[in-house]
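[1] sequence plus predicted model, see below.
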Amino acid sequence: MVREISARTGFYEVGTHDLLKAKIGDEFEPIEFTITEDMVEKNAFANDDYNPWYFEDSPFGGRITSPTFVSVEEPLSFSTYYASPPGGMLNASMEFEFVNPLKVGKKVRMTGRLVDKYQKRSRDYFVSEYLAVDEDGVEILRIRRTRATPAVVRAVTERTEEQHKMAASVPQGTEPTEEQHKMSTMPIDPTAFRPMKVTASKETEVGFELEPITKKMTLDKMRLFQRWPRSKNIHDDYAAAQKEGLRKPIVQAVQIAEHIGELLIKFFGTGYIGGNISTKIIRMMEVDDEITTKMVVREKVVEGDAIRLILDVSCENQRAERVIVGTASGLVL
């Protein structure tokens with residue numbers, strides 16, 4: 001059986017299987033949905049990512065989605081199989097492998113299964129893997145995601161002495177230069193696409209820092225990304241979050257993966273295909289947090305006629321606390 005949904009407004013049934021009794025090998029019900037222009041545009045607005053490839057044409061022939069776009073539907077596969085456990089769940093890590101671009105108008109089929117589970121520090125962890133293919137059978141994306149239960153409120157509300165010292169040691173921003181002061185005061189279109197000044201090349205050196213991006217995670221953008229009110233959960237609803245012991249809604253980690261994907265596609269262009277993202281979530285992010293995503297080239301690897309650039313990824317909140325860490329890569333042809 002295949003569950004076909006409207007990824008824009010479709011409601012879905014909650015799962016009935018006990019997550020704490022999950023078995024490795026459990027296969028989730030496949031889901032299918034068609035990528036519409038409306039979905040891609042709303043996703044761009046939710047993430048302040050106005051790459052023209054999403055709105056006009058792309059080097060792949062036609063409009064495409066953002067690299068991690070289909071992963072927003074992955075929770076449907078998991079949550080329509082397993083019942084939500086007491087205390088809720090948190091994302092622990094995410095991995096993405098980009099195989100082919102996904103074009104607007106294509107139908108997507110996503111299959112998934114549980115591949116591992118374990119206990120660590122009084123939490124239960126569940127690892128699932130997914131494959132997304134389009135209507136022609138073309139493989140688009142592979143996802144590996146680890147969830148942990150229960151959610152721990154202390155991770156949001158308390159900071160250890162060591163964490164305070166770490167935050168205090170992070171250099172603060174520098175004063176604007178005289179040249180920046182002279183820049184025009186004319187208002188700038190906030191939706192204008194801003195390409196990177198320096199993009200990936202075979203001459204890119206280890207240690208090169210990509211231009212970072214900072215985005216405020218407002219409730220309206222979080223709801224737009226979650227396609228609220230299709231469901232009300234800890235990522236878009238105060239009552240649902242507080243029921244699980246949280247102060248307020250927390251940011252869905254996949255939405256921050258969109259920010260990482262934005263930097264990846266800006267830096268590598270078409271070379272993001274064949275690349276990947278692998279991250280761990282080390283701190284919860286709340287509504288209204290400002291998240292800055294940074295990348296630094298760590299390694300260069302020759303692969304035939306191409307060079308793979310491997311980057312360190314770090315996402316920080318407005319208190320200079322790291323919330324997501326990991327790696328990403330892409331190809332320079």
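    Happy to help now that I have it. Numbers count the residues shown, from 1 in each chain.
[2] for residue 232, which non-adjacent residue is closest in space?
    Once flanking residues are discounted, residue 232 sits nearest to residue 240: 5.1 Å by C-beta to C-beta, 6 or more residues apart in numbering. All C-beta atoms are positioned from the backbone trio N, CA, C, and that covers glycine.
[3] that neighbour belongs to a strand?
    No - Residue 240: not assigned to a strand; according to DSSP: H, G, I helix; E, B strand; the rest coil it is helix.
[4] the closest residue to residue 42 other than its chain neighbours: how many residues sit nearby?
    Nearest residue to residue 42 in three dimensions, chain neighbours excluded: residue 224, at 5.9 Å (C-beta to C-beta, 6+ apart). Neighbours of residue 224 under the rule other C-beta atoms under 10 Å: 17.
[5] distance-wise, check residue 224 relative to residue 205.
    38 Å (C-beta to C-beta, to the nearest Å).
[6] cool, and residue 222?
    37 Å.
[7] mind showing which ranges of the stretch 101-250 of the chain have poor pLDDT?
    Low-confidence segments of the stretch 101-250 of the chain (pLDDT under 70): 152-186.
[8] the helices in it, which residues?
    All helices of the stretch 101-250 of the chain, identified by DSSP state H, counting those that start in this stretch, fall at 154-157, 161-169, 178-181, 219-226, 238-243.
[9] with residue 310 as the reference, measure out to the residue nearest to residue 232.
    38 Å.
[10] which SS class is residue 41?
    helix.
[11] ignore the last one, residue 14
    Looking at residue 14 with three-state DSSP, the answer is coil.
[12] more neighbours, residue 222 and residue 205?
    For residue 222 versus residue 205, neighbours defined as other C-beta under 10 Å are more numerous around residue 222 (22 against 7).
[13] and the residue nearest to residue 232, how far from residue 292?
    Here the criterion is C-beta to C-beta. By it, residue 240 lies 27 Å from residue 292.
[14] and for residue 201?
    Distance, residue 201 to residue 292, using C-beta to C-beta: 25 Å.
[15] likewise residue 330?
    20 Å.
[16] all strands for the stretch 1-150 of the chain, in order.
    3-4, 31-34, 90-98, 107-120, 123-134, 139-149 (DSSP state E, counting those that start in this stretch).
[17] what's residue 278 in contact with, if anything?
    Neighbour list for residue 278: 93-96, 326-328 [criterion: C-beta atoms under 8 Å, 6 or more residues apart in numbering].
[18] now, among the residues you listed, which is nearest to residue 286?
    If you rank the contacts of residue 278 by distance to residue 286 using C-beta to C-beta, residue 94 comes first, at 18.8 Å.
[19] from residue 333, how far out is the closest one?
    Residue 94 is 26 Å from residue 333, by C-beta to C-beta.
[20] so between the two, which is more surrounded?
    residue 94 (24 against 13).
[21] residue contacts, the more buried one?
    71, 143-146, 253-254, 257, 277-279, 281.
[22] and those residues as JSON lines, adding distance to residue 62?
    Formatted as JSON lines, those follow (distance: C-beta to C-beta, whole Å):
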{"residue": "71", "distance to residue 62": "21"}
{"residue": "143", "distance to residue 62": "23"}
{"residue": "144", "distance to residue 62": "28"}
{"residue": "145", "distance to residue 62": "28"}
{"residue": "146", "distance to residue 62": "34"}
{"residue": "253", "distance to residue 62": "29"}
{"residue": "254", "distance to residue 62": "24"}
{"residue": "257", "distance to residue 62": "24"}
{"residue": "277", "distance to residue 62": "24"}
{"residue": "278", "distance to residue 62": "29"}
{"residue": "279", "distance to residue 62": "29"}
{"residue": "281", "distance to residue 62": "33"}
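[23] out of those residues, which is most surrounded?
    When neighbours are counted by other C-beta under 10 Å, residue 257 leads these with 32 neighbours.
[24] roughly how far does the residue positioned nearest the centre of the chain sit from residue 47?
    The chain has residue 257 as the residue nearest its centroid, 1.8 Å off, counting by C-alpha atoms, centre = their mean. Distance of residue 257 to residue 47, given as C-beta to C-beta: 10 Å.
[25] my guess is the residue nearest to residue 42 contacts residue 46. True?
    Yes - using C-beta atoms under 8 Å, residue 224 makes contact with residue 46 at a distance of 4.0 Å.
[26] ok, residue 331 - contacts?
    Contacts of residue 331 by C-beta under 8 Å, 6+ apart are 268, 271, 273-275, 303, 306-309.
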